[in-house]
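Next one to model:
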Amino acid sequence: MTLEVVILAAGQGTRMRSSLPKVLHPIAGKPMVGHVVDTVRSLKASGIYLVVGHGADKVRASLAADDVAFVEQLEQLGTGHAVTQALPKLSENSQVLILYGDVPLIKAATLEKLLVHATATSLGLLTVKLDNPSGYGRIIRDEQQKVAAIVEQKDANEQQLAVQEINTGILAVTSKQLNRWLPQLSNNNAQGEYYLTDIIAMAYQEGTLIETVQPASTAEVEGVNNRLQLAELERVYQLEQADKLMTAGVSLADPARLDVRGELSTARDVFIDVGCIFEGQVELAEGVEVGPYSILKNARLGPGVKLAAFSHLEDVTLDGDNQVGPFARLRPGTHLETGAKIGNFVETKKTQVGQGAKINHLSYIGDADVGANANIGAGTITCNYDGVNKHFTKIGAGAFIGSNSSLVAPVEIGAGATVGAGSTITRKVDDNALAVTRAKQLQKANWPKPVKK
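Numbering: from 1, shown residues only. All right, here's what the predicted structure looks like:
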């Protein structure tokens, strides 16, 4: 049988106190429901059906993809009603996983164990035992310890409330079973809703075996109803990433102070200090050191790169043995060749920095090519924008740019050339030439200073 997945994501989430639909609140920079969809993709599902309701347009816009189909639940009449909306979309003979958009940390390995039991004669139900089961539906078993029913908290009697095994809501069934049981659901209960859980009693009555599976961790089945729970699951997720990194040979100054909001791949002997954030696709080669409170987004750092504190890199490539920061900002299109150095309070954008070149302090270099072993003095600016268009600056190999210089693009500084400090360069400087554009220094002896009236 093929696998199809129904993800319930129609709830309003009033306790989030937000105009954003609950399932779009992020864990690790990705909407909660996006984590669920990605997990399902790893199972090679043939169909993914997202049941939407409140904020449906926003959910569609955020999750739009060729392999995701949306089913609208115009009225929120319970989980059974929600799954019924997707029923016409399902194949006649498939396995069906029922998941929830606000339960983001469910693991593929757990779902695979559950799917083993989705057969013509059985179904799989994910349960967990809690010391405090308050608020959850209880798993009711018969004298042979077979699952007989699920009773919701508001409908449970005193004896049933004492049961610690609870329903997570996640189950694996066949489409034929759903077509048989869902039309029989009733809303004759305390909530006046159509409970998906009522199909468990139907399965038991007709002799279908209900097999239970437990997750490796309760965090897998924890849902988010408010911002406190959102923050708790964020830390659970980040500690999982920290564990993976340390197992792979990365040293973390503090595993509790790390945020991975994308894909982080690492080699041996990488060190990451506290408070660092990794977004998008980030690669750290062997021996890389990332200083505290740095942010890396879509960055590739070659072997031996040393990144000092509070540096911000986005869409950049560092070939190796580079020193960057502290307080450096490398913007999209920056490429540092081997041994190039970027110092404190330096900003680059769309710039190629050659081998061994140095931009050590307080400079802006944008839309430029800096040759090998060039030295850019403090306070140097490439004036690359005329208010409408961007223009290019080329600095030759071995050139020396004196402090507080302005290079008005488009302009070229030749190889081995020297620009005197405080110069404004508007024309080409030849190879090995000196260019100075300072005004003549005047001095008047015994100059009377102005006096406040």
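
What ranges does the stretch 1-150 of the chain have for its strands?
Assigned strands in the stretch 1-150 of the chain, in chain order: 2-9, 26-27, 30-31, 47-52, 68-72, 94-100, 122-129, 138-141, 147-151 (criterion: DSSP state E, counting those that start in this stretch).

mind giving me the domain ranges of the protein?
Split into domains by automatic domain parsing, the chain comes to 2-221, 227-435.

could you dump these to JSON lines with mean pLDDT and mean neighbour count?
(Glycine included, C-beta is placed from N, CA and C.) Shown next, in JSON lines, are the domains of the chain (pLDDT from 0 to 100; neighbours: other Cβ atoms under 10 Å):
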{"stretch": "domain 2-221", "mean pLDDT": "94", "mean neighbour count": "18"}
{"stretch": "domain 227-435", "mean pLDDT": "98", "mean neighbour count": "19"}
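
Could you export the strands of the stretch 1-150 of the chain as a markdown table, including distance to L313?
What follows is those, written out as a markdown table (distance: least, Cβ to Cβ, whole Å):
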| stretch | distance to L313 |
| --- | --- |
| strand 2-9 | 34 |
| strand 26-27 | 22 |
| strand 30-31 | 21 |
| strand 47-52 | 34 |
| strand 68-72 | 32 |
| strand 94-100 | 36 |
| strand 122-129 | 41 |
| strand 138-141 | 50 |
| strand 147-151 | 50 |
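
And the helices in the stretch 101-250 of the chain?
108-115, 158-161, 175-181, 198-205, 227-247 (DSSP state H, counting those that start in this stretch).

on contacts alone, who are the packing partners of the shortest one?
Packed against helix 158-161 by the contact rule (3 or more Cβ pairs under 8 Å, 6 or more residues apart in numbering; DSSP states H and E) you find strand 138-141.

Output the strand it packs on as PDB, restricted to C-alpha atoms.
Taking C-alpha atoms only, strand 138-141 is exported to PDB below (Å, rounded to 0.1, in the frame of the first residue of the first chain):
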ATOM      1  CA  ARG A 138      -7.200   8.300  28.400                       C
ATOM      2  CA  ILE A 139      -6.500   4.900  26.900                       C
ATOM      3  CA  ILE A 140      -9.000   2.400  28.200                       C
ATOM      4  CA  ARG A 141      -8.000  -1.300  28.100                       C
END
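
contacting residues around it?
125, 127, 147-151, 153, 156, 160-161, 163, 165-167, 212 (Cβ atoms under 8 Å, 6 or more residues apart in numbering).

what do you get if the cut-off is 10 Å, keeping everything else the same?
Residues external to strand 138-141 that are found in contact with it (Cβ atoms under 10 Å, 6 or more residues apart in numbering): 125, 127-129, 133, 147-153, 155-156, 159-168, 197, 200-201, 204, 210, 212.

so what's D102 up against?
If you count contacts by Cβ under 10 Å, 6+ apart, D102 has them with 8-9, 11, 13, 16, 21-23, 25, 32-33, 36, 222-225, 229-230, 233.

Quick check, L196 in contact with M202.
No - using Cβ atoms under 10 Å, L196 makes no contact with M202, being 11.1 Å away.

can you list residues touching both of the two?
Common contact partners of L196 and M202 (Cβ under 10 Å, 6+ apart): W181, L182, L185.

From the residues you listed, pick the one nearest G280.
L182 (41.2 Å; Cβ to Cβ).

Name all residues that make contact with the nearest residue to the closest one once chain neighbours are set aside.
Distance criterion Cβ to Cβ, 6 or more residues apart in numbering; nearest residue to L182, sequence neighbours excluded, is T84 at 5.0 Å. Going by Cβ under 10 Å, 6+ apart, T84 touches V51, V71, Q73, L77, G78, L178, L182, P183, L185, Y194, L196.

Out of those, the closest to S217 would be?
L196 (23.7 Å).

who touches the closest residue to Q153 other than its chain neighbours in this structure?
Excluding its sequence neighbours, the residue lying closest to Q153 (Cβ to Cβ, 6+ apart) is G135, at 5.6 Å. Listed by Cβ under 10 Å, 6+ apart, the contact partners of G135 are E152, Q153, K154, I166, N225.

same thing with A242?
Applying Cβ under 10 Å, 6+ apart, we find A242 in contact with V250, L252, D254, P255, A256, R257, L258, D259, V260, I272.

Out of those, name the ones that lie in strands.
L252, L258, D259, V260, I272 (DSSP state E).

sorry, back to before: rebuild the domains of the chain as CSV, extending it with distance to N446.
Output for these, formatted as CSV (distance: least, Cβ to Cβ, whole Å):
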stretch, distance to N446
domain 2-221, 65
domain 227-435, 26
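
Out of those domains, flag the one nearest L442.
domain 227-435 (15.1 Å).

partners of the residue lying closest to A435 once chain neighbours are set aside in the sheet?
Closest residue to A435 apart from its sequence neighbours, by Cβ to Cβ, 6+ apart: V429 at 4.4 Å. Judged by DSSP bridges, the bridge partners of V429 are I413.

And V429, how far from A248?
Distance, V429 to A248, using Cβ to Cβ, to the nearest Å: 49 Å.

Save the helices of the stretch 101-250 of the chain as a markdown table, and put in distance to I381 too.
Listed next are the helices of the stretch 101-250 of the chain as a markdown table, based on distance: least, Cβ to Cβ, whole Å:
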| stretch | distance to I381 |
| --- | --- |
| helix 108-115 | 51 |
| helix 158-161 | 71 |
| helix 175-181 | 65 |
| helix 198-205 | 69 |
| helix 227-247 | 39 |
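
Between those, which one is closest to E279.
For E279, the closest of the helices of the stretch 101-250 of the chain is helix 227-247, at 12.7 Å, according to Cβ to Cβ.

Please give the element, helix or strand, for the residue lying closest to G396 once chain neighbours are set aside.
Distances taken as Cβ to Cβ, 6+ apart place A415 nearest to G396, at 3.3 Å, with adjacent residues excluded. Take DSSP states H and E as the rule and A415 turns out to sit in neither a helix nor a strand.

these two touch, right, A415 and D430?
Yes - with contact defined as Cβ under 10 Å, A415 counts as touching D430 (9.4 Å).

shared neighbours, the two?
Contacts common to A415 and D430, judged by Cβ under 10 Å, 6+ apart, are G396.

nearest spatial neighbour of A378, skipping sequence neighbours?
Closest residue to A378 apart from its sequence neighbours, by Cβ to Cβ, 6+ apart: H361 at 4.1 Å.

Only C-alpha atoms, please: export stretch 345-356 in CSV.
Written as CSV, here are the backbone C-alpha positions of stretch 345-356 (Å, rounded to 0.1, in the frame of the first residue of the first chain):
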residue,chain,number,x,y,z
PHE,A,345,34.0,47.0,12.3
VAL,A,346,34.6,46.2,8.6
GLU,A,347,31.7,45.7,6.2
THR,A,348,32.0,44.1,2.8
LYS,A,349,29.5,43.4,0.1
LYS,A,350,29.9,41.6,-3.3
THR,A,351,33.6,41.7,-2.9
GLN,A,352,36.4,39.4,-3.8
VAL,A,353,39.4,39.6,-1.4
GLY,A,354,42.5,38.0,-2.7
GLN,A,355,45.0,35.8,-0.9
GLY,A,356,46.7,37.5,2.1
